[in-house]
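Chemist: coordinates only, no sequence provided:
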């Protein structure tokens, strides 16, 4: 899991293109990327924390499921 924190510079179109490429590369390498803004971390930390916890719970449930994945579903 990769957690990205985006500040005001990430509003720039060139930075967004670089972020998109970086995220695609990370996902291609098998990582999962969650993005939050600096504002969210500084002013809505409980929501950020809940979002991360929910992602972990969902991932663990998916990973420990006794049923095999459906055809075409990523494990």
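Modeler: Thanks, I have it. Just so it is clear, the structure is predicted and the values come from calculations on it, not from any experiment.
Chemist: work out for me the element residue 19 sits within.
Modeler: Taking DSSP states H and E as the criterion, residue 19 maps to helix 13-28.
Chemist: which elements pack onto that helix?
Modeler: strand 2-6, strand 33-37 (3 or more C-beta pairs under 8 Å, 6 or more residues apart in numbering; DSSP states H and E). (Each C-beta comes from the backbone N, C-alpha and C, glycine too.)
Chemist: residue 13 is nearest to which of those?
Modeler: strand 2-6 (13.6 Å; C-beta to C-beta).
Chemist: what does the closest one contact?
Modeler: Contacts with strand 2-6, where a contact means C-beta atoms under 8 Å, 6 or more residues apart in numbering, come from 19, 23, 26, 31-38, 41, 52.
Chemist: surely residue 59 meets residue 32?
Modeler: Yes - Residue 59 is within contact range of residue 32, at 7.3 Å (criterion: C-beta atoms under 8 Å).
Chemist: shared neighbours, these two?
Modeler: Common neighbours of residue 59 and residue 32 (C-beta under 8 Å, 6+ apart) are residue 1.
Chemist: lowest-pLDDT helix or strand in this structure?
Modeler: helix 45-64 (a mean of 90; mean pLDDT, DSSP states H and E).
Chemist: neighbouring contacts of that one?
Modeler: Contacts for helix 45-64 (C-beta under 8 Å, 6+ apart): 1, 3, 32, 34, 36, 40, 41, 75.
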